Structure formats: C-alpha cells, structure tokens
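Colleague: below is the sequence, then the predicted model.
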Amino acid sequence: MAKGPPIRFKAVIYSLSPFEQKIMSGLWKDLPHKVEKKITDNWLNAVFFLTPLIGTTMYAKNYKEQEKLSHRY
C-alpha cells in the first residue's frame with residue numbers, strides 16, 4: 001500500500017451564544033396541549049401499568065391490616 005500525505009481533519013464545534021436567551025423556549029410553548037395529547041394517546045398503557053400496581057398495593061395493605069386485627073384478641 002502506498003502512503004500518501006496525511007489527511008488533516010477539521011474539528012467542528014457547536015456552541016450556544018452566551019447572549020442567546022431563548023434556548024429552551026420551544027419546550028414550554030403550548031405545554032398544556034402537549035401534555036393533553038400525551039395523556040390521550042397513552043391512557044390505555046397507563047391503565048394497564050397502574051391497575052396491577054395499585055391493586056397489589058391495596059391487597060398488601062388490606063392483608064397486613066387483617067393480619068394485625070387477627071392477632072388483636
């Protein structure tokens with residue numbers, strides 16, 4: 001293999017201007033509509049996730065309470 005002259009790479013550096021004040025303004029723009037859309041699009045997934053979680057927690061609390069009451073007398 002023949003060796004050629006070394007290739008020089010130029011580095012590209014991206015930075016924000018310290019004088020730019022509107023960096024994250026797009027995140028907060030129309031926020032209520034974005035949140036509403038996320039909820040309406042994913043409500044079924046939330047139900048399938050939260051139902052077993054809440055059910056298991058309620059069962060465990062009820063079981064613990066019944067266990068405490070059974071040893072009371």
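Modeller: Everything's here; your move.
Colleague: touching stretch 43-59 from outside, list them.
Modeller: The contact list for stretch 43-59 (CB atoms under 8 Å, 6 or more residues apart in numbering) reads Ile39. Glycine gets a C-beta too; all of them are placed from N, C-alpha and C.
Colleague: give me the below-cutoff pLDDT ranges for this structure.
Modeller: For the chain, residues meeting the criterion pLDDT under 70 lie at 1-2, 21, 73.
Colleague: which residue ranges of it form helices?
Modeller: 25-28, 31-70 (DSSP state H).
Colleague: please identify the most buried of these.
Modeller: Highest mean neighbour count among those (mean count of other CB atoms under 10 Å): helix 31-70, with a mean of 10.
Colleague: quick one: Pro6 from Glu67, how far?
Modeller: With distances taken as CB to CB, to the nearest Å, Pro6 is found 76 Å from Glu67.
Colleague: tell me the spacing between Arg33 and Leu50.
Modeller: Check again: residue 33 is His, not Arg. In this view, His33 and Leu50 are 23 Å apart by CB to CB.
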